[in-house]
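J.: coordinates for the following, if possible.
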Amino acid sequence: ETAVAALDGSGVGVASVATAFPSGRAPLEAKLADTRAAVQAGAAEIDMVIDRGAFLSGDYGTVFDQIVAVKDACGDAHLKVILETGELATLDNVRRASWLAMRAGADFIKTSTGKVSPAATLPVTLVMLEAVRDYRAATGRQVGVKPAGGIRTTKDAIKYLVLVNETAGPDWLTPQWFRLGASSVLNDLLMQRRKLTTGVYSGPDYFTLD
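T.: Numbering: from 1, shown residues only. Next up is the predicted model:
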């Protein structure tokens, strides 16, 4: 509610984590209550994290049903489903989890909570981009992708943008369909822009560290 009030009139929406972030191991009733409370407070996007215990044990039906239920609890808010790819062990599992989340109603699929290492990687993001590309071809519905965690430099960010363009195509090269969870990139991006303007680099202490 504080964030919603502070951003009132700015056009910037508020996203909120929910569903027992980052573990995803609470009962469904608690996850739904968490989601409804965030939406009621004004959240325009909800980040849920899948139950990796259920997924890795092969209980895909439970994971699917929980995403469907949380999507329903979101109402008009968009649902971003975090796969926590660092715990999924294989790229086959990443593909399976991506497809499952999209079939269950995810508006976005996201690599990581930022609490588990490895977080976002180029191979994992490639698999997720191939999944959303193939899903749109099969169903006509477009789903967004967000790699998050471990993206620290502007050069790293550019690699992801190239990957998007070459894999899913330019339709995904907008904030509506592709985002980077990379708060640590900000200082490096500011340094690179200063370099383009002045011809010399400034130290990171010249920029915000928040």
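J.: where along the chain do the strands fall?
T.: Ranges of strands in the chain, per DSSP state E, are 15-17, 45-49, 78-82, 108-110, 144-146.
J.: the last one - contacts with which helices or strands?
T.: Packing contacts for strand 144-146, counted by 3 or more Cβ pairs under 8 Å, 6 or more residues apart in numbering; DSSP states H and E, involve strand 108-110, helix 122-139. All C-beta spots, glycine's among them, are computed from the backbone N, C-alpha and C.
J.: please identify the most buried of the ones you listed.
T.: Among the helices and strands packed on strand 144-146, strand 108-110 has the highest mean neighbour count (mean count of other Cβ atoms under 10 Å), at a mean of 26.
J.: elements contacting that strand?
T.: strand 78-82, helix 91-103, helix 122-139, strand 144-146.
J.: and those as TSV, adding distance to Leu161?
T.: Listed next are the helices and strands packed on strand 108-110 as TSV, based on distance: least, Cβ to Cβ, whole Å:
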stretch	distance to Leu161
strand 78-82	19
helix 91-103	20
helix 122-139	11
strand 144-146	12
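J.: related to what we said a few turns ago, which one of the strands of the chain lies closest to Gly24?
T.: Ranking the strands of the chain by proximity to Gly24 (Cβ to Cβ) places strand 45-49 first, at 4.0 Å.
J.: turn the helices and strands packed on strand 144-146 into a markdown table, including distance to Ser23.
T.: Formatted as a markdown table, the helices and strands packed on strand 144-146 follow (distance: least, Cβ to Cβ, whole Å):
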| stretch | distance to Ser23 |
| --- | --- |
| strand 108-110 | 16 |
| helix 122-139 | 20 |
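J.: ok, Val17 - contacts?
T.: Ile46, Asp47, Met48, Val49 (Cβ atoms under 8 Å, 6 or more residues apart in numbering).
J.: how close does the second one sit to Val94?
T.: By that I understand Asp47. 18 Å (Cβ to Cβ, to the nearest Å).
J.: same check, this time on the third one
T.: Taking Cβ to Cβ as the measure, Met48 falls 17 Å from Val94.
J.: these two: which is more packed in?
T.: Met48 (27 against 23; other Cβ atoms under 10 Å).
J.: contacts only, for the more buried one.
T.: Contacts of Met48 (Cβ under 8 Å, 6+ apart): 17-19, 21, 24, 31, 35, 67, 70, 79-82.
J.: nearest to Thr174 among these?
T.: Of the contacts of Met48, the one sitting nearest to Thr174 (Cβ to Cβ) turns out to be Lys80, at 15.8 Å.
J.: so what's the closest residue to Pro123 other than its chain neighbours up against?
T.: Closest residue to Pro123 apart from its sequence neighbours, by Cβ to Cβ, 6 or more residues apart in numbering: Leu91 at 6.5 Å. Counting by Cβ under 8 Å, 6+ apart, Leu91 makes contact with Pro123, Val124, Val127.
J.: which one (most neighbours) among the contacts of Met48?
T.: Counting by other Cβ under 10 Å, top hit in these: Thr19 with 31 neighbours.
J.: from Ala54, how far out is that residue?
T.: Taken as Cβ to Cβ, the span from Thr19 to Ala54 is 13 Å.
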